[in-house]
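**Student:** could you look at this predicted model? Sequence included:
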Amino acid sequence: MSNQALKMTDIFPDPKLGSINELALKDQHELVEFMIKRLTEAKSTLENMGEETGSGERKPISAPPELAPTKNQFIELYGQEEFNKVKRIGSPRTKFFWF
């Protein structure tokens, strides 16, 4: 059995990869986002193949974490007024936008 499950040319067929530094920053960013997506997919494929062939397995690497109640669970237990007393405001999610 070959250990070459995936060919890099299947993951990254784009010829622009050789000249990434010649691209505009926005285009470099888009290419890196594309690469991350494709590598994430390839990693998942390899892990699935490893499980299917008995070469590897998924298993917990830590104890299950204890979780705080969700907002709705807290309100259901203690009411909206109590939630308003203890709630914290987090940071907004951000996304980079090119001009």
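**Tutor:** That came through, no problem.

**Student:** when you work out contacts or count neighbours from here on, use the C-alpha atoms and nothing else.
**Tutor:** Will do.

**Student:** show me which residues of stretch 79-87 are buried.
**Tutor:** Phe83 (16 or more other CA atoms under 10 Å).

**Student:** avg pLDDT for that stretch?
**Tutor:** Summarised as a single mean, pLDDT over stretch 79-87 is 97.

**Student:** quick one: contacts of that stretch?
**Tutor:** Lys71, Phe74, Ile75 (CA atoms under 8 Å, 6 or more residues apart in numbering).

**Student:** report the backbone C-alpha coordinates of it in PDB.
**Tutor:** Output of stretch 79-87 as PDB, limited to C-alpha atoms (Å, rounded to 0.1, in the frame of the first residue of the first chain):
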ATOM      1  CA  GLY A  79     -34.700  34.700  35.700                       C
ATOM      2  CA  GLN A  80     -33.800  37.600  33.500                       C
ATOM      3  CA  GLU A  81     -33.200  40.100  36.300                       C
ATOM      4  CA  GLU A  82     -30.600  37.900  37.900                       C
ATOM      5  CA  PHE A  83     -28.900  37.300  34.500                       C
ATOM      6  CA  ASN A  84     -28.800  41.100  34.000                       C
ATOM      7  CA  LYS A  85     -26.900  41.400  37.300                       C
ATOM      8  CA  VAL A  86     -24.200  39.000  36.400                       C
ATOM      9  CA  LYS A  87     -23.800  39.100  32.600                       C
END
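
**Student:** distance from the chain centre to that stretch, please.
**Tutor:** 32 Å (CA atoms, centre = their mean, to the nearest Å).

**Student:** same question, stretch 42-49
**Tutor:** Using CA atoms, centre = their mean, the distance from the centre of stretch 42-49 to the centre of the chain it belongs to is 14 Å.

**Student:** got it, and stretch 61-74?
**Tutor:** That offset, for stretch 61-74, works out to 20 Å (CA atoms, centre = their mean).

**Student:** show me which positions of that stretch end up buried.
**Tutor:** Taking 16+ other CA under 10 Å as the criterion, stretch 61-74 shows none as buried.

**Student:** identify each buried residue in the lengthiest helix in the chain, please.
**Tutor:** With secondary structure taken from DSSP state H, the chain has its longest helix at helix 25-52. Neighbour-count burial for helix 25-52 flags Gln28, Leu31, Ala42, Leu46, Glu47, Asn48 (criterion: 16+ other CA under 10 Å).
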